[in-house]
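Undergrad: Give me a model of this one.
(4 chains)
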4 protein chains.
Amino acid sequence: MWSFGRIIDRYATNGYGPPVGTLETIELAARTKELTGLDLNYPFDEGVTVEQVKAALTAHGLTATNITPVIYDRGFRSGSFTSADPDIRRAATDLAHESVEVARALDARYVKFWPGQDGYDYPFQVDYPTLRRHAIEGIRDVARNFPDVTFAIEYKLKEPRNRLFWSTAAASLLAIEQMGADNVGLVVDFGHSLFAKENPAEALSLAHSMGRLVDVEVDDNYREWDDDLTAGALHLVETLEFLHVVRTIDWPHPLKLDLFPYREDPGEAVRESVATLRSLEDAAARLPLDALHAAQSRHDAMAVQRLVRTALLG
Amino acid sequence: MWSFGRIIDRYATNGYGPPVGTLETIELAARTKELTGLDLNYPFDEGVTVEQVKAALTAHGLTATNITPVIYDRGFRSGSFTSADPDIRRAATDLAHESVEVARALDARYVKFWPGQDGYDYPFQVDYPTLRRHAIEGIRDVARNFPDVTFAIEYKLKEPRNRLFWSTAAASLLAIEQMGADNVGLVVDFGHSLFAKENPAEALSLAHSMGRLVDVEVDDNYREWDDDLTAGALHLVETLEFLHVVRTIDWPHPLKLDLFPYREDPGEAVRESVATLRSLEDAAARLPLDALHAAQSRHDAMAVQRLVRTALLG
Amino acid sequence: MWSFGRIIDRYATNGYGPPVGTLETIELAARTKELTGLDLNYPFDEGVTVEQVKAALTAHGLTATNITPVIYDRGFRSGSFTSADPDIRRAATDLAHESVEVARALDARYVKFWPGQDGYDYPFQVDYPTLRRHAIEGIRDVARNFPDVTFAIEYKLKEPRNRLFWSTAAASLLAIEQMGADNVGLVVDFGHSLFAKENPAEALSLAHSMGRLVDVEVDDNYREWDDDLTAGALHLVETLEFLHVVRTIDWPHPLKLDLFPYREDPGEAVRESVATLRSLEDAAARLPLDALHAAQSRHDAMAVQRLVRTALLG
Amino acid sequence: MWSFGRIIDRYATNGYGPPVGTLETIELAARTKELTGLDLNYPFDEGVTVEQVKAALTAHGLTATNITPVIYDRGFRSGSFTSADPDIRRAATDLAHESVEVARALDARYVKFWPGQDGYDYPFQVDYPTLRRHAIEGIRDVARNFPDVTFAIEYKLKEPRNRLFWSTAAASLLAIEQMGADNVGLVVDFGHSLFAKENPAEALSLAHSMGRLVDVEVDDNYREWDDDLTAGALHLVETLEFLHVVRTIDWPHPLKLDLFPYREDPGEAVRESVATLRSLEDAAARLPLDALHAAQSRHDAMAVQRLVRTALLG
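TA: Prediction:
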């Protein structure tokens, strides 16, 4: 939904465009004719009901892939599940519970946590064992309350906090293992992975191998920040490898886009991303798998390059 | 002024605190009892006149160090002097002209350009010679109109654009040389320099050696983004070296702070920064200059370390 | 030992100094009068026996903290435990076994793996599940053969490979958990942690909380590469926090230094590092723990900064 | 020549392969059948004469594009033109003069300086104005001695020093302007530019617009280090844009490759790079220039993406 909403940043505090409401966002998304599902932030705009959202989705032939409780705005600016304030931790839990109900009402596949304020900014600011305990227990308690619901954590190295607890795929999987909840997994976002200094394809493979992959998002950036550029704008080879792993693991769900078109028309950004992803999926389908596996079994970088180049550039 | 205003970002679009007006900002700044001058963004809040600002400054014993035309918000989201749209380029020029008048009315020492939207986001997006020409000519024309006014450019590697034209000290000095205007110089911001992969002390020395240093700002970050943490929060040695150069060149003006205390009380952030800078200035004053120069003339890193450690940690 | 040996890089292929043998290295280390133990690479120089090394250590009142099998030079340039070639995987295992014997003979506390060639350079180069399996099983098999011996893995994001398997603290801890060997843990190197985009103090706390901390190394860098500068050369606050955690967890062993003084006298680099660490340990001892914990329980960055600044700078 | 020589690094000090002599290198380069010219380091191997090199080049139908004096190995480990030691500064000058003679004897187009040891490692280590003076005057004096010879500086952000003087395109162009020598320009290396946080296409355009472009090198990396991967291995779009600028400015010389195939066959790395570059040149030729210029004149990122995607992926 972010892709279609009004974008604001710390400089253009009057926004990069006019305000856009929840229902209008759904309509804009539908107009691209490229999307089948939406990641819906909750709470919705004031006055908008779940029923209205459901009707809007149905009217446009869209689904809600997931509900994302907004545990990262002003009220949670110093943390949600890891806040120093027990009332705020409770508010995060309450919002998570509500989000589960909304997800059920909208037949969403899962509830997504993006704990973008859970972390710290300065050395010495927090006691690390306490932060860790709050981060893990907060989500564990929600997950145990709803054992039949799927939850996913979208990790990110930083922003808006300078250091986030759910920072990398491995750090998040390690914490999820310690959590001991079967119904919690990961959203692997290509861009988040890239700027966490991971190879996104390897992160995807890791999350899947542990049975913890819940969703997959695509976008691009300059490897140092979550720029949320259109998919494939910069890293075609690594996006191709990402899509190759998506194929390899027989991923059954559509890919999600996570874009921030500050200055671009969001519809165009979606269409351009989809077109690039389709080209890359075609290239992935052209990869000769036997030759690729043979080259990989020798760790033969040059042979692999040749196969990739041929599939991609002809 | 940013330090005291309401901070918003792309996630906490409802802001990290309540809105704060121009005049209230001045009052908040005054209350820290640590500041003597302010960097004032222009236009002011709607309805606030230059006279009111002047009165508020006088009442609090503050000055305006400089006026910064807001050429980086929604209206200029795709560029100011380098916009593809000639009307927007003209609007940037007009706002710069107005800012000069305001600067004169407030006895500000200079007008600052922070062209944070002048650049691009994607490869191939712009024609580089054209971008360069617009960037240089836009500021040159303003500077020539007011040969008795000092102008300064605050460079930054990126944000909000992914790539900014006025990116590093050297890139900016090269462009200023090509501009051929004597009354245009640089603001060297410690944090911008650090995350542009410069050594801030060297950048400061370079700008000064070319006669182009107009102002000096201090803050800190994790070397990868403009985090705007309190001064000395992380990089004590490099901040010390920066202050050492400030002393060496007999810099006559007070240092400026450029902080973004998203979750902190701005007054505390200012006081903590000032206290750290005072400690570091004391340490700089304790450096035995003869021994330091002797060690530097041998490029003797270990001897230099010993002197710095002793001055800093006793 | 690296600190005292001859340093070579890809440009100065004739070395940054004359060759230095195993026994000479021990003597050079002893002369600093600051070291009590050494990290010894194995195999030793041709012709040097374990007995000679033992005698040299004893003569100088030094111990071997650990033995590090050289599984990262020419013979293992494309991987050790993860090599595509089963003969090379076996050679890594054999060298590890020999290293255990040497460690026993020298009363070393543990055997360290630094799998600096285990990873890959290009996208698509390897099959990630296979790489993961080899990395984990290779070390697991060695560890199970010697259940009474402690093993430690020193993780690093990259170099010499562009991507290493044992990349971050969390990635390594996750793999160690999957390995299921009680006698395998981590070496946390401040510099490796810093350039892996971790906060070293948090990584240390994490490894300790899982009972997997085996050793602690100190050095410094510019956050982007393993520059192996002297301890505290750049990041005093973060080194202080690291030492604070070392105190907090009652770490019983001496800290190790991991320096690469390409152009400096290694003895001076050690002495300068030790002097800085002593100053920082004094500062850590001055931190008022009750006030610190109270501030941390509020996540109060400014209060924490004040305490840290006062302890560090007076 | 590096691509074909023996690669050594600080860990594999016994080299990534057997030693390879100057003449053997020429033969290996010839065997790729893809290269027409070589960048020759000077001095050659002991005992190898200029005549022998000339004969070997002729025999294989190759030319020397340029001579690169080795001012970055052990003798110059603490600087060449900027060394604290006047004898070493003189040795750098002498080697530069010899290189000019060799370049003339071999009809090389220019003499290249890669001042990889000219810089510093620690804060406070050097006096910046002195470093700057030495760096500029050293090369200026050589250039003035041979006004009919072309000299080029290959800039690089760092490595082996942590900070290099000739760090970015803009920093180098600024210093060259201050130098006041018409016969000194830049080598723009795609990889160096990328990891200096520049956009390589923009850097190329800048150097050319100032009449200072002497040579162009291609390779690839992960944006944080000079990994010297094969061309186009990772950054196809940015390499395409780089080649587009090469076309736009009617660059008359062949592109150079700067690879470090640590674990790969150098011939294969060259052939794979050349094949990728050919594909990208074809794509560059397919770009509809009128439509591209129209989109660029609007800064229309999405329109530009569409054109680039179509040219590249069909």
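Undergrad: quick one: the strands in chain A?
TA: Under the criterion DSSP state E, chain A contains strands at A:37-42, A:63-69, A:110-113, A:119-120, A:151-154, A:163-164, A:184-189, A:213-218, A:256-257.
Undergrad: which secondary structure elements does the second one contact?
TA: Which is strand A:63-69. Contacts defined by 3 or more CB pairs under 8 Å, 6 or more residues apart in numbering or on different chains; DSSP states H and E place strand A:63-69 against strand A:37-42, helix A:50-59, helix A:86-105, strand A:110-113. From N, CA and C alone the C-beta is placed, and that goes for glycine too.
Undergrad: Confirm for me that residue A:214 is in contact with residue A:154.
TA: No. Look at residue A:214 against residue A:154 with CB atoms under 8 Å: they stay out of range, at 9.3 Å.
Undergrad: hang on, the earlier thing: let's have the strands of chain A in CSV, adding mean pLDDT and mean neighbour count.
TA: Output for the strands of chain A, formatted as CSV (pLDDT from 0 to 100; neighbours: other CB atoms under 10 Å in any protein chain shown):
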stretch, mean pLDDT, mean neighbour count
strand A:37-42, 95, 22
strand A:63-69, 97, 24
strand A:110-113, 98, 25
strand A:119-120, 98, 26
strand A:151-154, 98, 24
strand A:163-164, 98, 24
strand A:184-189, 98, 26
strand A:213-218, 98, 23
strand A:256-257, 95, 21
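Undergrad: what about the residue in the stretch 1-150 of chain A that chain D sits nearest to, distance to residue A:215?
TA: Per CB to the nearest CB, residue A:32 is where the stretch 1-150 of chain A lies closest to chain D, at 12.6 Å. Counting by CB to CB, to the nearest Å, the gap from residue A:32 to residue A:215 is 19 Å.
Undergrad: ok, now residue A:269?
TA: In terms of CB to CB, residue A:269 sits 20 Å off from residue A:215.
Undergrad: picking up where we left off before, as JSON lines, the strands of chain A with distance to residue C:232 would be great.
TA: Shown next, in JSON lines, are the strands of chain A (distance: least, CB to CB, whole Å):
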{"stretch": "strand A:37-42", "distance to residue C:232": "44"}
{"stretch": "strand A:63-69", "distance to residue C:232": "42"}
{"stretch": "strand A:110-113", "distance to residue C:232": "38"}
{"stretch": "strand A:119-120", "distance to residue C:232": "22"}
{"stretch": "strand A:151-154", "distance to residue C:232": "36"}
{"stretch": "strand A:163-164", "distance to residue C:232": "21"}
{"stretch": "strand A:184-189", "distance to residue C:232": "36"}
{"stretch": "strand A:213-218", "distance to residue C:232": "40"}
{"stretch": "strand A:256-257", "distance to residue C:232": "44"}
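Undergrad: returning to what we had before: in a markdown table: the helices and strands packed on strand A:63-69, plus distance to chain D.
TA: As requested, those are exported to a markdown table (distance: least, CB to the nearest CB, whole Å):
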| stretch | distance to chain D |
| --- | --- |
| strand A:37-42 | 21 |
| helix A:50-59 | 26 |
| helix A:86-105 | 33 |
| strand A:110-113 | 27 |
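Undergrad: excluding its backbone neighbours, what's nearest residue A:124?
TA: Residue nearest to residue A:124 in three dimensions, not counting chain neighbours: residue C:304, with 4.6 Å by CB to CB, 6 or more residues apart in numbering or on different chains.
Undergrad: Looks like that neighbour contacts residue C:292 (just checking).
TA: Yes. Using CB under 8 Å, residue C:304 is in contact with residue C:292, at 6.8 Å.
Undergrad: Identify the contacts common to those two.
TA: The contact sets of residue C:304 and residue C:292 overlap at residue A:124 (CB atoms under 8 Å, 6 or more residues apart in numbering or on different chains).
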